[in-house]
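Peer 1: Model the following, please.
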Amino acid sequence: MKESYFNFKDSYMKMKVKVAARQLSQTMAAAIETFHSSGHLKSDSLHTAEFCHLMDNLFDSLNSSQVRNHEGRKFRSALSGNSPHLEFWYDMLSKINRWKIFDKQGKLRNNFKFVDGWLTSIRAIILLWKKLQLQGITFLNLRNLNQDPLENFFGQIRQHGVCNTNPTCQQFVAAMKTLIINNLSSPLSKSRNCEDDFYEFLGNFGKFIEKYSDTIDQTPETSCSNTIVDTPDSTDEIFLEQNYATAYVAGYILSKVDVLDCVQCRNNLFSNDVILNQHLFVTFKENDERTRLNYPSERSAQLLV
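Peer 2: Residues are numbered from 1 along each chain as shown. The predicted model follows:
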């Protein structure tokens, strides 16, 4: 989250879907619940956290890209006959119809088009799924229904050259030919409004012309040392907010590290007690009762400070 996501000095910022997706995410809900548990927020803040959970699930349910759920997020899976999507959508249709939206002056407004957009999208997908089931379709990845690949492609066309924002037909064709040869590998803009679509060409021109050479990967042997880094035994002097974030980031780093099969190493890197105060935010980030995230020890968290 950034300060610019709440203070819209840039008129284009409030048009970006990713801003709303991050404001109404599970991470935001976990942060609110964490500060409520620590006494920094009042009890009515939990209503905001509940709304963030609902919207996060709604985004997930309409943006699935895998057949099975991803890391316990049941709505991130593909739509199927026994998936929870339909029951959730019918419940959201009734909730969205009861939304009351007020403007900055506190007046009730009914002219927000995004409400009708949500209702239309949900009803259209339910109708489409019923028709696909009659054709024998067993599952549907809903990310395939959005226009992100097309927007990403046009974005790469606009990046071809210095600033190709308004190309002619000839310039568009030339840029498209170059992108095809480069296998659409030009980097996407940081200010884009779409997620990576992860689509690839069936053929790769780069592999056609590259030369292969036989190389032997000589990986040096790793050894486990009994030397432990001398770090402070307590993080009491760290601010509570920083402590929550540090523990979460340390756990993410540990998930990317290939830890040796050494009991002493794991005992020093990971915490055996997941109920430590510094792990409060990490526990709220779990998608269900199963433990999937890493809980670092105080030594590991201290190394990031």
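
Peer 1: Report the buried residues of the one helix or strand Cys52 maps to.
Peer 2: Taking DSSP states H and E as the definition, one finds Cys52 inside helix 45-61. For helix 45-61, burial by neighbour count (16 or more other CB atoms under 10 Å) applies to Thr48, Ala49, Cys52, His53, Leu54, Met55, Asp56, Asn57, Leu58, Phe59, Asp60, Ser61. All C-beta atoms are positioned from the backbone trio N, CA, C, and that covers glycine.

Peer 1: The fourth one against Ala29, yeah?
Peer 2: Yes - with contacts defined as CB atoms under 8 Å, His53 counts as touching Ala29 at a distance of 4.9 Å.

Peer 1: where along the protein do the strands fall?
Peer 2: 79-80, 101-102, 108-109, 139-140 (DSSP state E).

Peer 1: Out of the ones you listed, which one sits most buried?
Peer 2: Among those, strand 79-80 has the highest mean neighbour count (mean count of other CB atoms under 10 Å), at a mean of 21.

Peer 1: tell me the average confidence for it?
Peer 2: The average pLDDT for strand 79-80 rounds to 90.

Peer 1: and the top helix by length along the chain, what does it pack onto?
Peer 2: Criterion DSSP state H: the longest helix present in the chain is helix 113-134. Under the contact definition 3 or more CB pairs under 8 Å, 6 or more residues apart in numbering; DSSP states H and E, helix 113-134 sits against helix 85-97.

Peer 1: Buried ones in the helix it packs on, by neighbour count?
Peer 2: Buried, per 16+ other CB under 10 Å, within helix 85-97: His85, Leu86, Phe88, Trp89, Met92, Ile96.

Peer 1: And the pLDDT for Thr231?
Peer 2: pLDDT recorded at Thr231 is 47.

Peer 1: So Phe35 is in contact with Leu41, correct?
Peer 2: Yes - Phe35 lies in contact with Leu41 (CB under 8 Å); the separation is 4.6 Å.

Peer 1: From Val263, how far off is Asn272?
Peer 2: To Val263, Asn272 is 11 Å away according to CB to CB, to the nearest Å.

Peer 1: same check, this time on Ser45
Peer 2: 42 Å.

Peer 1: so what are the domain limits for this structure?
Peer 2: What automatic domain parsing lists as the domains of the chain is 3-145, 148-209, 240-302.

Peer 1: first to last residue in the longest one, what's the distance?
Peer 2: What that stands for is domain 3-145. One end of domain 3-145 sits 32 Å from the other (CA to CA, to the nearest Å).

Peer 1: The helix holding Cys52 to helix 85-97, inter-axis angle?
Peer 2: 130 degrees (axes from the mean of the first three to the mean of the last three CA atoms, to 10 degrees).

Peer 1: Can you tell me what sits against helix 45-61?
Peer 2: Here helix 45-61 makes contact (CB atoms under 8 Å, 6 or more residues apart in numbering) with 21, 23-26, 28-29, 32-33, 35-36, 73, 75-76, 85, 88-89, 92, 95, 118, 142.

Peer 1: which of these count as buried?
Peer 2: 24-26, 28-29, 32-33, 35-36, 73, 75-76, 85, 88-89, 92, 118, 142.

Peer 1: Just those residues: which are in helices?
Peer 2: Gln26, Met28, Ala29, Ile32, Glu33, Phe35, His36, His85, Phe88, Trp89, Met92, Trp118.

Peer 1: Let me know the closest of the buried residues of helix 85-97 to Leu303.
Peer 2: Phe88 (41.1 Å; CB to CB).

Peer 1: Next up, the contacts around that closest one.
Peer 2: Residues near Phe88 by CB under 8 Å, 6+ apart: Asn57, Leu58, Ser61, Phe75.

Peer 1: Looking at these, which two lie furthest apart in space?
Peer 2: Leu58 and Phe75, at 8.0 Å, using CB to CB across those.
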